[in-house]
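need the 3D shape of this:
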Amino acid sequence: MTAPSFSLLHPADTKSQGTFLSLLRAVAGLLFFMHGTQKLFAVPNSGIGPGGGPVHLASLFGVAGVIETFGGALICMGLFTQIAAFIASGEMAVAYFKVHNPRSMFPIINRGEVVVLFCFIFLYLAFAGGGAYGLDAIRRRRTTTSP
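Sure thing, here's the model as predicted:
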């Protein structure tokens, strides 16, 4: 058995693709989770909420914080990845058009490039799944090996 070779000119083998998809999912989910904790708990503190504290749960930022915290945690762990990623992608699309787009049409000017990246990464994960590693993969293995 030969070791898989690496080439920037050809796609990676299926196993490597699943591994890197899992890595993309975990990192994106963790960063998204941190955006949520910033809103809900002011950790790390960015001064988003009133007086620099957490935002009100009954506000749009509060709803966003809930989606980002719990959706980010699910995506990071690879649990219900496709559903969580679809919801997160939709939230990022709404955030872009509601918050960033009114400032300017261009993401680099309206500071919406992170939002656009999150939106499309999560849209990709909603259709591609969470990769080879994560709780969804464990659930799939248990389901297919059960009698």
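
only C-alpha atoms for contact and neighbour calcs from this point on.
Fine.

what about the longest helix in this structure?
helix 14-41 (DSSP state H).

show me what it is packed against.
helix 60-77, helix 113-128 (3 or more C-alpha pairs under 8 Å, 6 or more residues apart in numbering; DSSP states H and E).

for Ala93, which of these is the nearest?
Nearest to Ala93, of all the helices and strands packed on helix 14-41, is helix 113-128, at 6.1 Å by C-alpha to C-alpha.

buried residues in the closest one?
Val115, Val116, Phe118, Cys119, Phe120, Ile121, Phe122, Leu123, Tyr124, Leu125, Ala126 (16 or more other C-alpha atoms under 10 Å).

would a markdown table of these with distance to Ile109 and pLDDT be doable?
Shown next, in a markdown table, are the buried residues of helix 113-128 (distance: C-alpha to C-alpha, whole Å; pLDDT from 0 to 100):
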| residue | distance to Ile109 | pLDDT |
| --- | --- | --- |
| Val115 | 13 | 97 |
| Val116 | 13 | 97 |
| Phe118 | 17 | 98 |
| Cys119 | 18 | 98 |
| Phe120 | 19 | 98 |
| Ile121 | 21 | 98 |
| Phe122 | 23 | 98 |
| Leu123 | 23 | 98 |
| Tyr124 | 25 | 98 |
| Leu125 | 27 | 98 |
| Ala126 | 28 | 98 |
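
for the longest helix of the chain, list every residue counted as buried.
Going by 16+ other C-alpha under 10 Å, helix 14-41 has these buried residues: 18, 20-26, 28-40.

just how off-centre is it within its chain?
5 Å (C-alpha atoms, centre = their mean, to the nearest Å).

between helix 60-77 and it, find me the angle.
Counting by axes from the mean of the first three to the mean of the last three C-alpha atoms, to 10 degrees, helix 14-41 points 150 degrees away from the direction of helix 60-77.

wait, which of the helices and strands packed on helix 14-41 is closest to Leu8?
helix 113-128 (21.0 Å).

any idea of the mean pLDDT in the very next helix or strand once past that closest one?
Downstream of helix 113-128, the next assigned helix or strand under DSSP states H and E is helix 135-145. Averaging pLDDT along helix 135-145 yields 86.

alright, that wraps it up for me.
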